[in-house]
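*Asks:* Need a 3D model of the sequence below.
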Amino acid sequence: MRKRTALLLVLAVFGFGALVGMRVSPVQAGPCYITCICGTPYKCCGATCTVYTQHPVNCPNNCL
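*Replies:* Numbers count the residues shown, from 1 in each chain. Here you go, the predicted structure:
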């Protein structure tokens, strides 16, 4: 009886870990893209954006 309870507990823990590990939010699943913010090009991947300096991008200066 104890072996069966221990086995079920281990399976439940690993099952929960697998469900959490396989879950991907829509923000993380999307590809990277280049966007312009106040005339500066940014490369955004998911929820993280950094200044993009690899290739020249002509961004309009549309700050308010």
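*Asks:* Show me the beta-bridge partners of T50.
*Replies:* Listed beta-bridge partners, T50: K43 (assigned using DSSP bridges).
*Asks:* Looks like it contacts I37 (just checking).
*Replies:* No - taking contacts as C-beta atoms under 8 Å, T50 lies outside contact range of I37: 11.4 Å. Where you see a C-beta, it was placed from the backbone N, CA and C, and this is true even at glycine.
*Asks:* Leaving aside the residues adjacent along the chain, what's closest to C32?
*Replies:* Nearest non-adjacent residue to C32, counting by C-beta to C-beta, 6 or more residues apart in numbering: C45, 4.1 Å away.
*Asks:* Just the pLDDT for R2.
*Replies:* Looking at R2, its pLDDT is 84.
*Asks:* What of C63?
*Replies:* 79.
*Asks:* Check whether it really touches T40, as I assumed.
*Replies:* No - if you go by C-beta under 8 Å, C63 and T40 don't touch, sitting 9.6 Å apart.
*Asks:* okay, these two: which has more neighbours?
*Replies:* T40 (14 against 8; other C-beta atoms under 10 Å).
*Asks:* in this protein, what secondary structure element scores lowest on mean pLDDT?
*Replies:* The helix or strand of the chain with the poorest confidence is helix 26-29; it has a mean of 50 (mean pLDDT, DSSP states H and E).
*Asks:* Quick one: name whatever helix or strand follows that one.
*Replies:* Proceeding N to C from helix 26-29, the next assigned helix or strand is strand 33-37, under DSSP states H and E.
*Asks:* still on that earlier bit, more neighbours, T50 and I37?
*Replies:* I37 (13 against 9).
*Asks:* Next, the contact list for the more buried one, please.
*Replies:* C49 (C-beta atoms under 8 Å, 6 or more residues apart in numbering).
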